[in-house]
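Q: Sharing a model prediction with you, sequence too.
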Amino acid sequence: MNHSEAAEKFTKDVDRTTWHDKTLWFVREKRDKAVFQIPEWEALREAGSRIKHNALSNLDEYLLEFEQNALKNGVKVHWAADGHEHNEIVLQILKETGATQMVKSKSMLTEECHLNEFLIEKGVDVVDTDLGERVVQLANEPPSHIVMPCIHWKKEEIGELFHEHLGTEKGASDPKYLAEAARQHLREKFMTRRAALTGVNFAVAETGGFVVCTNEGNADMGAHLADVHIASMGIEKIIPKARHLGVFLRLLARSATGQPITTYSSHFHRPRQGQTMHIIIVDNGRTTQLGRPDFRNSLKCIRCGACMNTCPVYRRSGGHSYHNAVAGPIGSILAPNLDMRKNADLPFASTLCGSCSNVCPVKIDIHDQLYKWRQVLAAEGYVDSTKKQGMKLMASVLSNPKLFRFSGKAGRTLMRLAPFSVSNPLNPWYKQREMPEPPKESFREWYVNREKK
Ligand code: SF4
């Protein structure tokens with residue numbers, strides 16, 4: 001299903017669509033309140049953007065510096081060119097450890113690499129320990145949001161799911177009760193798994209250390225109890241200095257959930273005694289994106305999810321409609337880089353209103369990049385021919401004043417005399433819209449008449 005088909009499926013449930021929209025807007029408002037509390041917010045955004053710009057411009061040096069420092073700290077460093085290599089490295093580490101079970105905490109990169117499917121096929125039992133991620137894992141579906149993976153689920157539905165999988169009381173939907181049940185269920189997993197995988201929010205070149213941000217402490221629990229800690233990071237997670245963390249930690253939590261800081265911002269530098277620590281540095285198309293001048297800035301993303309929470313299309317179409325690990329506006333820029341044919345629909349899933357760029361804490365020009373992707377995809381032949389011909393026709397009408405005036409008049413007459421010609425089920429634009437009353441005259445005619453009077 002492409003985005004519009006999947007979105008149509010989602011919006012059939014009107015209650016859920018309205019509730020999803022409102023819930024995400026509530027998070028957006030929380031973000032605004034948190035942001036307005038600090039007068040230096042714009043300066044922080046500018047600083048974050050510039051630090052990332054510097055990091056991306058010197059990525060080769062910073063990555064090697066990071067590797068050297070991590071090695072000095074006693075960490076094993078691996079490089080993976082793509083998702084498959086990443087998955088093979090994880091499997092190899094697990095085999096060397098003799099682990100057939102692993103706990104995993106919030107890593108969108110492993111979603112991007114389809115690690116769970118790969119490991120399960122190889123006989124490894126992987127348990128996602130973030131509560132939201134565990135919910136979607138039990139439901140056998142991918143996360144729909146990078147920060148709130150099960151934001152599309154209602155508590156009553158989670159109650160049913162837990163009743164089926166965790167044996168909670170039928171009909172119970174009290175969040176505290178359900179969270180406690182999940183805690184008990186996950187505790188056993190934490191205590192018995194010898195391997196833990198975490199994501200990486202920021203990797204510091206200067207120290208070889210990295211930071212993982214969670215609100216539940218699940219990354220810490222997994223990493224501290226396991227014999228082996230594997231951390232998977234995309235190459236763009238690098239920042240030059242430890243002092244830059246002060247900028248990003250303030251930007252991240254406020255933008256994501258409106259909190260001043262995440263509950264746990266855990267700094268990992270070296271394995272504890274008796275433990276092995278691995279870092280897998282993954283490219284998976286990022287170097288290609290870095291080489292595209294128009295889209296390079298998308299690698300500044302710190303995965304706060306603010307662009308999703310504010311996006312009118314995301315809020316009303318749901319994360320799964322983007323059929324990609326990272327959904328929403330930023331996902332629609334990242335995905336075509338990985339596979340233009342498969343993801344050619346995504347840059348069109350936007351109104352280009354620019355709200356995403358306004359909230360982005362690292363000032364990514366998101367809506368401009370979406371617009372640019374549309375041009376690239378059309379030039380490369382990935383836009384379907386109807387849309388292409390339609391655009392050509394529109395361009396000829398808009399560039400010819402006489403034709404433009406005639407088309408307006410003809411359109412208004414047609415809508416008045418034969419409304420069904422546009423308002424019919426074959427026209428997707430009108431499927432969920434009421435047709436407006438056609439005006440008697442064009443704006444131009446109205447303006448000229450007004451001037452005459
Ligand atoms: S693009 Fe910006 S707003 Fe969207 S997730 Fe990334 S950092 Fe956050």
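A: Looks like it arrived, so ask away.

Q: Assumed residue 270 was part of a helix.
A: No - using DSSP: H, G, I helix; E, B strand; the rest coil, the assignment for residue 270 is coil, not a helix.

Q: My guess is it contacts residue 76. True?
A: No - checked against Cβ atoms under 8 Å, the pair residue 270 and residue 76 is beyond contact range at 11.3 Å. (C-beta placed from N, C-alpha, C; glycine too.)

Q: Now the common contact residues for these two.
A: Counting by Cβ atoms under 8 Å, 6 or more residues apart in numbering, the common neighbours of residue 270 and residue 76 are residue 277.

Q: what pLDDT does residue 387 get?
A: Looking at residue 387, its pLDDT stands at 81.

Q: Need phi/psi at it.
A: phi -60, psi -40 (degrees, to the nearest 10).

Q: For it, give its distance to the ligand.
A: 26 Å (Cβ to the nearest ligand atom, to the nearest Å).

Q: ok, and residue 212, which helix or strand is that part of?
A: Residue 212 belongs to strand 209-214 when assigned by DSSP states H and E.

Q: Mind listing the strands that strand pairs with, and their directions?
A: strand 202-204 (antiparallel), strand 264-268 (antiparallel) (DSSP bridges).

Q: how much distance is there from the shortest one to the middle of the chain?
A: Chain-centre distance of strand 202-204: 19 Å, with Cα atoms, centre = their mean, to the nearest Å.

Q: next one: stretch 152-161
A: For stretch 152-161, the distance to the chain centre is 22 Å (Cα atoms, centre = their mean).

Q: buried ones in it?
A: 152-153, 158-161 (16 or more other Cβ atoms under 10 Å).

Q: Which ones among these map onto strands?
A: Among these, no member falls in strands (criterion: DSSP state E).

Q: Please flag which of those sit within helices.
A: Within the buried residues of stretch 152-161, residues falling in helices by DSSP state H are 158-161.

Q: So residue 96 versus residue 6, what's the distance?
A: Counting by Cβ to Cβ, to the nearest Å, the gap from residue 96 to residue 6 is 40 Å.

Q: Which positions in the stretch 201-350 of the chain make contact with the ligand?
A: Residues of the stretch 201-350 of the chain lying close to the ligand (Cβ under 6 Å from any ligand atom) are 255, 301-307, 330.

Q: which two in these are spaced the farthest apart?
A: 255 and 330 (12.0 Å; Cβ to Cβ).

Q: what ranges do the helices span in the stretch 301-450 of the chain?
A: 306-310, 312-317, 328-338, 355-359, 366-379, 385-398, 401-417, 443-452 (DSSP state H, counting those that start in this stretch).

Q: highest average neighbour count across those?
A: Highest mean neighbour count among those (mean count of other Cβ atoms under 10 Å): helix 306-310, with a mean of 28.

Q: And that one, what does it pack against?
A: helix 14-36, helix 312-317, helix 328-338, helix 355-359 (3 or more Cβ pairs under 8 Å, 6 or more residues apart in numbering; DSSP states H and E).

Q: With just CA atoms, put it into PDB.
A: In PDB, the C-alpha atoms belonging to helix 306-310 read as follows (Å, rounded to 0.1, in the frame of the first residue of the first chain):
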ATOM      1  CA  ALA A 306       8.600  17.100  16.900                       C
ATOM      2  CA  CYS A 307       8.100  17.300  13.200                       C
ATOM      3  CA  MET A 308       5.700  14.300  13.400                       C
ATOM      4  CA  ASN A 309       3.700  15.800  16.300                       C
ATOM      5  CA  THR A 310       3.100  19.000  14.400                       C
END
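
Q: Give me the distance from it to the chain's centre.
A: 9 Å.

Q: Ok, stretch 210-227 next?
A: Taking mean C-alpha positions (Cα atoms, centre = their mean), stretch 210-227 and its chain are 21 Å apart.

Q: now it: mean pLDDT?
A: On average, stretch 210-227 scores 94.

Q: Tell me which residues touch the residue most central in space within the chain, please.
A: The centroid of the chain falls nearest to residue 326 when counting by Cα atoms, centre = their mean (3.4 Å). By Cβ under 8 Å, 6+ apart, residue 326 lies in contact with 108, 112, 146, 303, 334-335.

Q: rerun at 6 Å
A: Shown in contact with residue 326 (Cβ atoms under 6 Å, 6 or more residues apart in numbering): 146, 334.

Q: next one: residue 115
A: residue 87.

Q: got it, and residue 72?
A: By Cβ under 6 Å, 6+ apart, residue 72 has no neighbours at all.

Q: Next, it: phi, psi?
A: phi -60, psi -30.

Q: And it, how far from the ligand?
A: Distance from residue 72 to the ligand, by Cβ to the nearest ligand atom: 31 Å.

Q: who touches the lowest-mean-pLDDT helix or strand in the chain?
A: Sorting the helices and strands of the chain by mean pLDDT, DSSP states H and E puts helix 385-398 at the bottom, at a mean of 89. Applying Cβ under 6 Å, 6+ apart, the external contacts of helix 385-398 come out as 403-404, 407.

Q: Nearest to the ligand among the residues you listed?
A: residue 404 (36.6 Å; Cβ to the nearest ligand atom).

Q: Now do the same for the closest one: its pLDDT.
A: The model's pLDDT for residue 404 equals 94.

Q: do the one 5 residues further on as well
A: According to the prediction, residue 409 has pLDDT 93.

Q: and it, what does it touch?
A: With Cβ under 6 Å, 6+ apart, residue 409 has no contacts at all.

Q: ok, it to residue 397 distance?
A: Taking Cβ to Cβ, one finds residue 409 at 12 Å from residue 397.

Q: same thing with residue 340?
A: In terms of Cβ to Cβ, residue 340 sits 29 Å off from residue 397.

Q: Also residue 405?
A: 10 Å.

Q: per-residue confidence at whichever residue of the stretch 51-200 of the chain sits closest to the ligand?
A: At 6.6 Å from the ligand, residue 146 is the closest residue in the stretch 51-200 of the chain, using Cβ to the nearest ligand atom. We have a pLDDT of 95 for residue 146.

Q: quick check: domain ranges of the chain?
A: 1-37+301-383, 41-153+187-284, 389-452 (automatic domain parsing).

Q: Output these in JSON lines, with distance to residue 173 appended to each entry.
A: JSON lines is the format used below for the domains of the chain (distance: least, Cβ to Cβ, whole Å):
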{"stretch": "domain 1-37+301-383", "distance to residue 173": "15"}
{"stretch": "domain 41-153+187-284", "distance to residue 173": "11"}
{"stretch": "domain 389-452", "distance to residue 173": "30"}
